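J.: Need a 3D model of the following:
(chains A and B)
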Amino acid sequence: MSVRASLRWWWAGLAVSAAILSGLWIAEITVDLPRVDSLQQLIPGTIIPAAWMIAGLVAWRARPESKTGVLLVLIGCLYPANPLSYLAGDHAQWAFLMFGSLNDVLLFWAVLTFPGVPLTRAGRVAVSLTTLAVLVGAASTGVKPRSDRCPVCPANPLPTAMDTRELSDALWSLTEPIMAVAAAVTAAVLIQRWRTASPPARRALAPMLWGTFQFALVHVYASLSGNVFDGRPGTITSYSFGLVPVGFMIGMLRTRQHHAVVADLVVELGSAPEPGRLEHLLARTLGDPSLQVAFWLPDRQTYVDKDGSPVEVDARRGVSVLRQGDEPLAALLYDPALLEDPKLLGAVAAAARLALENSRLQADLRARLHEIRESRVRLVTATDDERRRIERNLHDGAQQTLLGLRLAVRLARNQAADPQALDALLAEIDSELQAAVEELRTLARGVHPPVLSDEGLEPALAELARRAAIPTRIMCACGHRLPPAVETAAYYVASEALANVLKHAHATRAEIAVAHTDGRAMIEVSDDGLGGADPLGAGLRGLQDRVEALDGTLRIDSPARSGTRVRAEFPCA
Amino acid sequence: VRRVLIVDDHAGFRRFARRLLQAEGFDVVGEASDEASAVAAVGRLRPGVVLLDVLLPGPDGFAVAERLRALHPELTIVLTSSRTAEEFGARLRAAPVAGFVHKDDLSAAALARAVE
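T.: Numbers count the residues shown, from 1 in each chain, chains lettered A, B, ... in the order given. Coordinates of the predicted model:
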């Protein structure tokens, strides 16, 4: 059990004891009073402060960060002060009365700050007026001469040289208008709050308002019929007063309930809902059907709604921007009344942010997976195509030449009798064989240039440059061998890019640059040709797959008429 | 029957095949490298036998054989390839040709056997 929780239990024990004691005290005091039935006072005298304290503790437990619970407990504790004043000696009586009257201030304060909102300027005016009324009332009571109408009224603490009855009455007559103004200001504040409250906030406000309103009605009725409520238990007004904390308690529990719906929201959002469903869930949780989720499109630097139409983020509506790092994920647009409950709003926004972040990550992951699947298919297809091409080249080229040569040898056998013809035929066979060997060599180099595995990237590139039809410069800034996979991929980037330069670019020269710094190997092929290369063309696409298979990146920069730059980077320790 | 047209896309093979068959007694009347040139050459030269490579650019030897047979029902066609007869299987058995000679075995005698 936390320190805070155990503290609350101490408070609970203290409050219950205080309530029982206050009931007993009140009963005991009133035994001696004329026209007061002590038993009639025992039960309400216990129940009413207990109701305030219990409601206060429940509210405190429900919303520990809110002052409402503490205020309710204090009101319950101060309740017996009024009746106790009848027991005390003259000077103490006055003090007890002051304490008892302080409850009025606390009640206004609790109403105005329920369920944990700060006191507004109008609210401060109302509380100040109530305090003033309490002080004036206390002064009135203080200077009131003891009379037989009120045998237990406190004695006048001032020197009683003069008759202060008129002064006391005059002061007393001031309290009611001051209280009336305080009540009017409070009513205005509450009406304004009700008008701007979101539906969930209204659900919490309603019981508190009903509780307070019925007390105000009963109080006014009793005052008009001459029964000013002095806090004495057993009167209608006292029961009405005892009902007020019930409204507070229900209201506080409801605010907690609407905090609990955030937990439901988090659970529902866990299943990564579609954009439309997300908006519906958030609107339902916040009780604002006008709520809109605007999704941020980083590419277009704009917000769109769930259907993809652009959304204007209107400052007149409530706006919460949900961010992932520095980048916005989305914005929630809602009724500004929701700003009344920043905690709920914050919790819902946090839940939404998690869900959106989750959705974005999932979408990202799906896109990557999709991309990887596609590139895997492309790599396999490319490999198959390559095998077919090699088979075709072997079949159409060297194999046919060699088959022809077999026929030639057979022919030579027939011509053994004619040495001159044989000689010519053998020369023919020799040159055909040489062509076949050259053909095989070219083919093998296309499959994998031996110089690349034997000598490394730089000599292989030099060989590539030597065979190119346009002047090609090699700038190699790494004096050591790179991992074979990187060397091969870099070589193919160079050879494919250079082949494209020769085929399409109409360039007059090309350049191949290689560097290896900071754990990254880089190769760049640039030319001074036409530009406008299509990065989605089969050749460049194949290169991209090859590079990405090694976790590298391929960038093609090919503005029209400004040459082409193909740059691949690989992670490489 | 001894007038032969050689249809093959590889010039080197055609050259030696022509000389071998001629040396061994066939009369090679012409060469072609694909369907169009084969159809034209058969129409012009009226060979008795067409030695037809299976793997041609464009329509393959089977398609060319169908076409030539449709145009010249009396024509004898012998398919040839660097692949074996088994590799072509059912397609070869269904083709309207007199026989098949593996390129490895090509000789006047083999061609004569296929024609018969």
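
J.: Which helix or which strand is home to A:T131?
T.: helix A:121-143 (DSSP states H and E).

J.: list the buried ones in the next helix or strand after that helix?
T.: Once helix A:121-143 ends, the next helix or strand along the chain (criterion: DSSP H and E) is helix A:165-196. By 16 or more other C-beta atoms under 10 Å in any protein chain shown, the buried positions in helix A:165-196 come out as A:167-168, A:171-172, A:174-175, A:178-179, A:181-183, A:185-187, A:189-190, A:193. (Glycine included, C-beta is placed from N, CA and C.)

J.: can you check stretch A:545-563 too?
T.: A:D545, A:R546, A:V547, A:E548, A:L550, A:G552, A:L554, A:I556, A:S558, A:G563.

J.: What is the nearest of these to A:L422?
T.: A:R546 (51.4 Å; C-beta to C-beta).

J.: now, which of the buried residues of stretch A:545-563 lie within strands?
T.: Among the buried residues of stretch A:545-563, the members falling in strands (DSSP state E) are A:L554, A:I556.

J.: Now for the buried residues of stretch A:545-563: which two are most distant?
T.: Largest separation among the buried residues of stretch A:545-563 by C-beta to C-beta: A:L550 and A:G563, giving 26.1 Å.

J.: hmm, back to that, could you dump the buried residues of stretch A:545-563 to CSV with distance to chain B?
T.: Below are the buried residues of stretch A:545-563 laid out as CSV (distance: C-beta to the nearest C-beta, whole Å):
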residue, distance to chain B
A:D545, 30
A:R546, 30
A:V547, 34
A:E548, 35
A:L550, 37
A:G552, 38
A:L554, 34
A:I556, 33
A:S558, 34
A:G563, 37
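
J.: Pick the one among the buried residues of stretch A:545-563 closest to A:Q214.
T.: A:E548 (72.7 Å).

J.: Without its sequence neighbours, what residue ends up closest to that closest one?
T.: Among residues not flanking A:E548 along the chain, A:S375 sits closest, at 6.3 Å (C-beta to C-beta, 6 or more residues apart in numbering or on different chains).

J.: What strand or helix carries the one you found?
T.: helix A:342-394.

J.: Give me the distance from that helix to the chain's centre.
T.: Helix A:342-394 sits 25 Å away from the centroid of its parent chain (C-alpha atoms, centre = their mean, to the nearest Å).

J.: I'd like the distance between the closest residue to A:P484 other than its chain neighbours and chain B.
T.: By the measure of C-beta to C-beta, 6+ apart, the closest residue to A:P484 outside its immediate chain neighbours is A:S453, 7.0 Å from it. Separation of A:S453 from chain B (C-beta to the nearest C-beta, to the nearest Å) stands at 31 Å.

J.: Three-state assignment for A:S453, please.
T.: helix (DSSP: H, G, I helix; E, B strand; the rest coil).

J.: Next, count neighbours for it.
T.: A:S453 has 13 neighbouring residues, counting by other C-beta atoms under 10 Å in any protein chain shown.

J.: Repeat that for the one 4 residues further on.
T.: Taking other C-beta under 10 Å as the criterion, the count of residues near A:L457 is 26.

J.: Residue ranges in the chain under the pLDDT threshold?
T.: All of this is about chain A. Filtered on pLDDT under 70, chain A yields the residue ranges A:1-9, A:15, A:19-42, A:82-96, A:144-164, A:226-234, A:256-259, A:272, A:337, A:340.

J.: not quite, I wanted chain B
T.: Flagging of chain B using pLDDT under 70 yields the residue ranges B:1.

J.: The same query, at a cut-off of 90, please.
T.: Low-confidence segments of chain B (pLDDT under 90): B:1-2, B:11-12, B:23-25, B:55, B:57-58, B:82-87, B:89-90, B:104-105, B:107-108, B:114-116.

J.: where along it do the strands fall?
T.: Secondary structure of chain B by DSSP E: the strands cover B:3-7, B:27-32, B:49-53, B:76-81, B:99-102.

J.: same for the fourth one, what does it pack against?
T.: Right, the one you point to is strand B:76-81. Secondary-structure packing of strand B:76-81 (3 or more C-beta pairs under 8 Å, 6 or more residues apart in numbering or on different chains; DSSP states H and E): strand B:49-53, helix B:61-71, strand B:99-102, helix B:108-115.

J.: Distance of A:L224 relative to A:V218?
T.: 11 Å (C-beta to C-beta, to the nearest Å).

J.: Of the two, which one has the most company?
T.: Per other C-beta under 10 Å, whichever of A:L224 and A:V218 has more neighbours is A:V218, with 19 against 8.

J.: The more buried one belongs to a helix?
T.: Yes - judged by three-state DSSP, A:V218 forms part of a helix.

J.: Dihedrals phi and psi, the residue nearest to it when sequence neighbours are not counted?
T.: Nearest residue to A:V218, sequence neighbours excluded (C-beta to C-beta, 6+ apart): A:S240, at 3.9 Å. Main-chain torsions, A:S240, degrees, to the nearest 10: phi -60, psi -40.

J.: same question, A:A331
T.: Dihedral angles (degrees, to the nearest 10) for A:A331: phi -130, psi 140.

J.: what's it in contact with, if anything?
T.: By C-beta atoms under 8 Å, 6 or more residues apart in numbering or on different chains, A:A331 lies in contact with A:V293, A:A294, A:W296, A:Y303, A:V313, A:V319, A:S320, A:V321, A:L322.

J.: do the same with B:A95
T.: Counting by C-beta under 8 Å, 6+ apart, B:A95 touches B:F62, B:A65, B:E66, B:L79.

J.: Just put those in JSON lines and tack on neighbour count.
T.: Supplementary listing: the contacts of B:A95 in JSON lines, determined by neighbours: other C-beta atoms under 10 Å in any protein chain shown:
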{"residue": "B:F62", "neighbour count": "19"}
{"residue": "B:A65", "neighbour count": "23"}
{"residue": "B:E66", "neighbour count": "15"}
{"residue": "B:L79", "neighbour count": "27"}
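
J.: Surely A:G69 touches A:W52?
T.: No - applying C-beta atoms under 8 Å as the test, A:G69 and A:W52 come out as separate, 10.7 Å apart.

J.: quick one: which of those two has more around it?
T.: A:W52 (32 against 28).

J.: what about the closest residue in space to A:E327 that isn't next to it in sequence, how many neighbours?
T.: Counting by C-beta to C-beta, 6+ apart, A:P298 is the residue found nearest to A:E327 once chain neighbours are left out, at 6.2 Å. Neighbourhood size, A:P298 [other C-beta under 10 Å]: 9.

J.: quick one, phi/psi of A:P298?
T.: Here is the backbone geometry of A:P298 (degrees, to the nearest 10): phi -60, psi -30.
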